[in-house]
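**Q** Would you be able to build a 3D model of this:
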Amino acid sequence: MLKKLFGIGKKDAEPVQPQQEVIIAPITGKLISIEEVPDPMFAQKMMGDGVAIEPTEGKAVAPVAGEIVQVFPTKHAIGLKTKGGIELLLHIGLETVNMNGEGFTAHVKEGDKVNVGDTLVEFDLNLITEKATSTITPVVITNMEAVASLEKATATETVAGETPLLTLKL
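**A** Numbering: from 1, shown residues only. A predicted model of the protein is given here:
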C-alpha cells in the first residue's frame, strides 16, 4: 500500500511528449496575418496570438473539436475550448458588436459539444460590409500561457473545416 501511495519502487516515468493541437480554418476566405488586422486589440495581440481570415462566404464552422464556452449575445463572436484546454475566440468582422446580432444566426449555444466542421454561425457578408468596419475575422488563442510553441500556416486561401491554420504544442 505504501508503495502505491508514495510511488516507492516505481521506475522513473518516461518523459511526456508535448501535446499538439491543430486549429483548422473556421471560414473560407483569404488568410491574413493577425498583425495586419485593422484593429489594435487584435493586431497588437492584446487578446492573444492567432491569424485572421477575410471571408468569401458567410458561414463559420468549428475550427476544433471541443466545447462552446461562450456565444456573445450579439452572435458576432464565439468562444471555444479544445479537449486539450486551448481557448479560442472567433470574432466575425470588426465593430460587428454594434450590429446587435442583425445578420447573424447562431447554430450553437454555450455548453454544446462540437466537432471540426460543425456549423457555428451563419452571417450576412453584405450586411457586415455595409454596417461594420470590416469583414476580417480574427481567430485568436486567448490563453497563450498554455501554448509552448505556435506554428502558423503559410496558405493564402482557406477552406472552412479543411485548411490547417495553427499547429500548437502545449
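**Q** secondary structure element for Glu54?
**A** In this assignment (DSSP states H and E), Glu54 forms part of strand 49-55.
**Q** hmm, who's touching that strand?
**A** Strand 49-55 is contacted by residues 23, 25-34, 36-37, 42, 88, 92, 125, 135-141, 144, 147, 150, 152-153, 158, 165-166 when judged by C-beta atoms under 8 Å, 6 or more residues apart in numbering. In this view, the C-beta of every residue, glycine as well, is placed from N, C-alpha and C.
**Q** Return a PyMOL selection command for the buried portion of those residues.
**A** Command for PyMOL that selects the buried part of those, burial taken from 16 or more other C-beta atoms under 10 Å:
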select buried, resi 23+25+26+27+28+29+31+32+34+37+42+88+92+125+135+136+137+138+139+140+141+144+147+152+153+158+165+166
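**Q** helices and strands around the lengthiest helix in the chain, which ones?
**A** Using DSSP state H, we find that the single longest helix of the chain is helix 125-131. Applying 3 or more C-beta pairs under 8 Å, 6 or more residues apart in numbering; DSSP states H and E, one finds that helix 125-131 contacts no other helix or strand.
**Q** For it, list the C-alpha coordinates in PDB.
**A** What follows is helix 125-131, C-alpha atoms only, in PDB (Å, rounded to 0.1, in the frame of the first residue of the first chain):
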ATOM      1  CA  LEU A 125     -21.400  39.300 -45.500                       C
ATOM      2  CA  ASN A 126     -23.000  42.100 -47.500                       C
ATOM      3  CA  LEU A 127     -24.700  43.500 -44.300                       C
ATOM      4  CA  ILE A 128     -21.400  43.300 -42.400                       C
ATOM      5  CA  THR A 129     -19.700  45.200 -45.300                       C
ATOM      6  CA  GLU A 130     -22.400  47.800 -45.100                       C
ATOM      7  CA  LYS A 131     -22.700  48.200 -41.300                       C
END
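**Q** Just give me the residue closest to the centre of the protein.
**A** A centroid search over the chain (C-alpha atoms, centre = their mean) returns Leu88, at 3.8 Å, as the residue closest to the centre.
**Q** Under a three-state scheme, what state does that one occupy?
**A** Secondary structure, DSSP: H, G, I helix; E, B strand; the rest coil: Leu88 is strand.
**Q** in this structure, which ranges drop under the pLDDT threshold?
**A** Along the chain, segments meeting pLDDT under 70 span 1-18.
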